[in-house]
Every structure is written in structure tokens, then in C-alpha cells.
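> All I have is the shape, not the residue letters:
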């Protein structure tokens, strides 16, 4: 399970592995500010798949 800053509000499913990814919140940001966040998520997903 990947969480992105939900803290104690995240649901817990017993027996699952959790990774907490600290990422900038894209809310209210323009496209140029969101692209690096998107790219970082992509990099991390690709690393998980490798």
C-alpha cells in the first residue's frame, strides 16, 4: 500500500506492507509545479516495478 501524507486517516489492512511517500501537495498549483510531482511518482512506481 502506498500512502501519500494521510497519516492516521489512512485505512489499515492487516498483512499489507505500507510505504509512506512524502510528496508536495499539488492542490492549487499550476501545471509547471505539478509536473515534477508527477515525475517523482512515476520514478517511484518504476522503481517498485523493477
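Noted; the coordinates are in hand. Since we're looking at a predicted model, the values are computed, not measured.
> which regions of the protein sit below the pLDDT cut-off?
Under the criterion pLDDT under 70, the flagged ranges of the chain are 7.
> ok, and what's touching the helix or strand containing residue 46?
Assigned by DSSP states H and E, residue 46 falls within helix 31-49. Residues outside helix 31-49 that contact it (Cβ atoms under 8 Å, 6 or more residues apart in numbering): 21, 23, 24, 26. To be clear about C-beta, it is placed using only N, CA and C from the backbone, and glycine gets the same treatment.
> please redo it, this time with the cut-off set to 6 Å
23, 24, 26 (Cβ atoms under 6 Å, 6 or more residues apart in numbering).
> In a markdown table, list those residues along with neighbour count and secondary structure.
Formatted as a markdown table, the contacts of helix 31-49 follow (neighbours: other Cβ atoms under 10 Å; DSSP: H, G, I helix; E, B strand; the rest coil):
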| residue | neighbour count | secondary structure |
| --- | --- | --- |
| 23 | 14 | coil |
| 24 | 12 | coil |
| 26 | 15 | coil |
